[in-house]
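# pasting the structure only:
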DNA sequence: CTGAAAGCGCTTACAG
DNA sequence: CTGAAAGCGCTTACAG
């Protein structure tokens, strides 16, 4: 910047103004400065700018994994909604609480202007750091009972309940569900909430809940669905309906049925979750619960922008529920 | 930091040392400082640190899209290989050259210590900025003819050639390929290179290349494959073999065959690219060309770490080819 | 519309 | 093993 100001024969303050608020600089000066910028190929140093303006234009984003198209959609939508002036700082936890805590610490050291974080279950340490950070925090992909700050998501419990009610309304009795195990450090809390909602609905209708299986480590995979269903069928060949906590798993289960020559949905109904493109495209198309992942990104992005533009009017806590909807396709009857 | 140093009764220099190189501080002092850090919940400010040490510990990563599990794998593997001390700054271009240029500019303003960027075709402006940036640049997912700096990838041309040779060896004659269109600003250069390799191999074996279709905008989708194949079949119902530039597209094509009652591979052989999990899990499993996306991430991460640890010995340009391999599954005969 | 001074929170490079 | 001084490259808050 020094080089540019010398080349243009102005102070560094003027260069700074030309770059940030060109309108308040006279046209002649502005052009002289711009020419120097071009010639020298000058790229401003944002970390210096951040330090002195106390704004980094970073927004932190913590997700369980990037290799899940719904989370990737949220990330992309959030980036789009924030616009070009913000840079996303993405971290993924692989569903590990310890990793989440480490990530939060290292992201906060970069002093993001705001942070979006998947889920509402955090370790004590994570919770404490987030509260102290003194920036807007948005919990996404769930509707917390006791939000840390703002939230944009939906009720995973309600989503699980909806799946169970769908099966019950179709007259099924031997109803199963497939999810991942909850371990000390590794847990898919949202998938687990769906299973709990599912279980609660079965109880209310006096349907047995003993076919709800929690196997393997999060995140679930195609293979998870195949194996989990195989394990289920070996013990309970008479299951009528299966809910999987993710379409990825549901697709694996569907392929396992095909390998075993079990007709879907004639012998077994399958419902997934997440409305991934694979479930829409495969044959037979998988019934699922749709979540608007892009909408979560867009709404949290807009919320963050409002909060950072902040006239003080928008300081009250905001909780947005984007809802879910059951999509009845071919794998359920 | 000032607060911590006052609470512990030492200079800020000592606090800085405790945090960066604890071993050179006496144990008594170190403990006093650590206690103050804990009590105050102090989180160091990395942007100040970056400014004064001239190291940001950022690594930039530019990819076409995050919603592609191979690129997401590369991103995750790169993050893992770099380790906890580096933070990835991810941007995605959606295959747009103009967006790439904008992204490069805004990432460079964050002064990353190194940058990994997908592909080897860049605008003049992008190329110039990257050269001037004076940091290690790694072009990934391709083997450039004229590398900017380092590269870790494979030859997309060779991958396309391999697909064509596979079909030719099986005695096919009416051989097609499906890719996306190359527009002014939007282009999948790597997919296009695969089509060119494919075309070159057909020419060498005197097979007609008129069934190579470039339709729609990158990135390809399930729907792209379905439509592109439908368009092809409407005009050339006698095609024997189809190569799609991505498994995603190949899967769409496979579903289109099923809808039309065309037996695969008996009537049409299908080969994809990328070895996505969907092709492995679906029925029939899709033959494909495997690329080790994680390996690209790991190798570029290790290269970057070496370069930044840099004893000067590792300063020569490095070009790594991770190769590809044809996986012959069920959709080809 | 433009500039001189001070400072953001750290680290480098010394000195002791 | 510890500290005082100077400075990283910008912006804030003034003054003119």
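Alright, I've got the coordinates. If you're wondering where the values come from, they're calculated on a predicted model, not measured in any experiment.

# mind checking which helix or strand of chain A has the lowest mean pLDDT?
helix A:277-281 (a mean of 86; mean pLDDT, DSSP states H and E).

# can it be found next to chain B?
Yes - shown here: helix A:277-281 in contact with chain B (CB under 8 Å from any CB of the partner chain) through A:277-278, A:280-281. In short, each C-beta sits where N, CA and C put it, glycine included.

# Who wins on neighbours among the residues you listed?
residue A:278 (25 neighbours; other CB atoms under 10 Å in any protein chain shown).

# residues touching it, list them.
Taking CB atoms under 8 Å, 6 or more residues apart in numbering or on different chains, we find residue A:278 in contact with A:247-248, A:251, A:286, B:222, B:278.

# List just the nearest of those residues to DNA strand C.
residue A:248 (42.2 Å; CB to the nearest atom of the strand).

# can you tell me the helix or strand for the closest one?
Taking DSSP states H and E as the criterion, residue A:248 maps to helix A:247-260.

# before we move on, the earlier item: including distance to residue B:66, could the contacts of residue A:278 go into CSV?
Shown next, in CSV, are those (distance: CB to CB, whole Å):
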residue, distance to residue B:66
A:247, 19
A:248, 17
A:251, 21
A:286, 23
B:222, 17
B:278, 17
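
# biggest separation within those residues, which pair?
A:248 and B:222 (14.7 Å; CB to CB).

# neighbour count winner among these two?
A side-by-side neighbour count of residue A:248 and residue B:222, using other CB under 10 Å, places residue A:248 first with 28 against 24.

# picking up where we left off before, for the helix holding residue A:248, which outside residues touch it?
So helix A:247-260 is contacted by A:68, A:178, A:220-230, A:233, A:242, A:244, A:263-264, A:267-268, A:270-276, A:278-279, A:282, A:284, A:286, A:288, A:331, B:281-283 (CB under 8 Å, 6+ apart).

# Write the ChimeraX selection for whichever of those residues are buried.
In ChimeraX, this line selects whichever of the contacts of helix A:247-260 come out buried by 16 or more other CB atoms under 10 Å in any protein chain shown:
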select /A:68,178,220,221,222,223,224,225,226,227,228,229,233,242,244,264,268,270,271,272,273,274,275,276,278,279,282,284,286,288,331 /B:281,282
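
# which residue sits closest to the residue most central in space within chain A, ignoring its sequence neighbours?
The centre of chain A sits closest to residue A:71, judged by CA atoms, centre = their mean, with a distance of 4.4 Å. Of all residues not flanking residue A:71 in the chain, residue A:63 sits nearest, at 4.7 Å (CB to CB, 6 or more residues apart in numbering or on different chains).

# is it true that the one you found touches residue A:70?
No - at 9.7 Å, residue A:63 does not count as touching residue A:70 under the criterion of CB atoms under 8 Å.

# Now do the helices in chain A.
A:2-8, A:12-20, A:27-40, A:46-53, A:69-82, A:97-108, A:124-133, A:156-169, A:189-204, A:222-235, A:247-260, A:277-281, A:293-309 (DSSP state H).

# Spell out which residues of the stretch 151-300 of chain A are next to chain B.
A:221-223, A:226, A:251-252, A:255, A:258-259, A:277-278, A:280-283.

# do you know how far residue A:302 is from DNA strand C?
In this view, residue A:302 and DNA strand C are 29 Å apart by CB to the nearest atom of the strand, to the nearest Å.

# show me where pLDDT drops low in chain A?
Scanning chain A for pLDDT under 70 picks out the ranges A:311-315.

# So which bits of it are right by DNA strand D?
A:1-2, A:12-13, A:16, A:19-20, A:44-45, A:48-49, A:51-53, A:55 (CB under 7 Å from any atom of the strand).

# switch the cut-off to 6 Å
Contact residues, chain A versus DNA strand D (CB under 6 Å from any atom of the strand): A:1, A:12-13, A:16, A:20, A:44-45, A:48-49, A:51-53.

# Between all of the residues you listed, which two are separated the most?
Greatest spacing in the residues of chain A next to DNA strand D, by CB to CB: A:13 and A:51 (16.5 Å).

# Test of understanding: give the bridge partners of the residue nearest to residue A:71.
Taking DSSP bridges as the rule, residue A:63 bridges to residue A:92.

# any idea how far it lies from residue B:74?
17 Å (CB to CB, to the nearest Å).

# of these two, who's got more company?
Neighbour count, other CB under 10 Å: between residue A:63 and residue B:74, residue B:74 has more, with 28 against 24.

# Any figure for the gap between residue A:203 and chain B?
The gap separating residue A:203 from chain B is 33 Å, by CB to the nearest CB, to the nearest Å.

# ok, now residue A:6?
Applying CB to the nearest CB to residue A:6 and chain B gives a distance of 19 Å.

# Then residue A:245?
Here residue A:245 is placed at a distance of 17 Å from chain B (CB to the nearest CB).

# Can you report phi and psi for that residue?
phi -70, psi -10 (degrees, to the nearest 10).

# and it, what is it in contact with?
Contact partners of residue A:245, counting by CB under 8 Å, 6+ apart, are A:177-180, A:188, A:191, A:194-195, A:220, A:273.

# Whichever of the residues you listed end up buried, select them in ChimeraX.
Paste this into ChimeraX to select the buried members of these, with burial taken from 16+ other CB under 10 Å:
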select /A:177,178,179,180,188,191,194,195,220,273
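
# which of the contacts of residue A:245 lies closest to residue B:153?
The shortest approach to residue B:153 among the contacts of residue A:245 belongs to residue A:220, at 30.7 Å (CB to CB).

# I figured the closest one hits residue A:246, correct?
Yes - taking contacts as CB under 8 Å, residue A:220 lies within contact range of residue A:246: 5.1 Å.

# Which neighbours do these two have in common?
Common neighbours of residue A:220 and residue A:246 (criterion: CB under 8 Å, 6+ apart): residue A:191.

# returning to what we had before: in the helix holding residue A:248, what's buried?
Neighbour-count burial for helix A:247-260, counted by 16+ other CB under 10 Å, picks out A:247-257.

# cool, stretch A:5-21 as well?
The neighbour-count criterion (16+ other CB under 10 Å) identifies A:5, A:7-8, A:10, A:14-19 as the buried residues of stretch A:5-21.

# My read is that the residue nearest to the centre of chain A contacts residue A:62, right?
No - applying CB under 8 Å as the test, residue A:71 and residue A:62 come out as separate, 10.5 Å apart.

# Quickly list what's touching both of those two.
Joint contacts of residue A:71 and residue A:62 (CB under 8 Å, 6+ apart) are residue A:118.

# wait, what's in contact with the closest residue to residue A:139 other than its chain neighbours?
Spatial nearest neighbour of residue A:139, excluding adjacent residues (CB to CB, 6+ apart): residue A:151 at 4.4 Å. Neighbour list for residue A:151: A:120, A:138-140, A:142-144, A:318-320 [criterion: CB under 8 Å, 6+ apart].

# change it to 10 Å
A:116-117, A:120, A:137-144, A:300, A:303, A:317-321 (CB atoms under 10 Å, 6 or more residues apart in numbering or on different chains).

# For residue A:247, see how far away the residue nearest to residue A:121 when sequence neighbours are not counted is.
Counting by CB to CB, 6+ apart, residue A:189 is the residue found nearest to residue A:121 once chain neighbours are left out, at 4.6 Å. Relative to residue A:247, residue A:189 is positioned 19 Å away (CB to CB).

# Likewise for residue A:273?
6 Å.

# for residue A:76, same thing?
19 Å.
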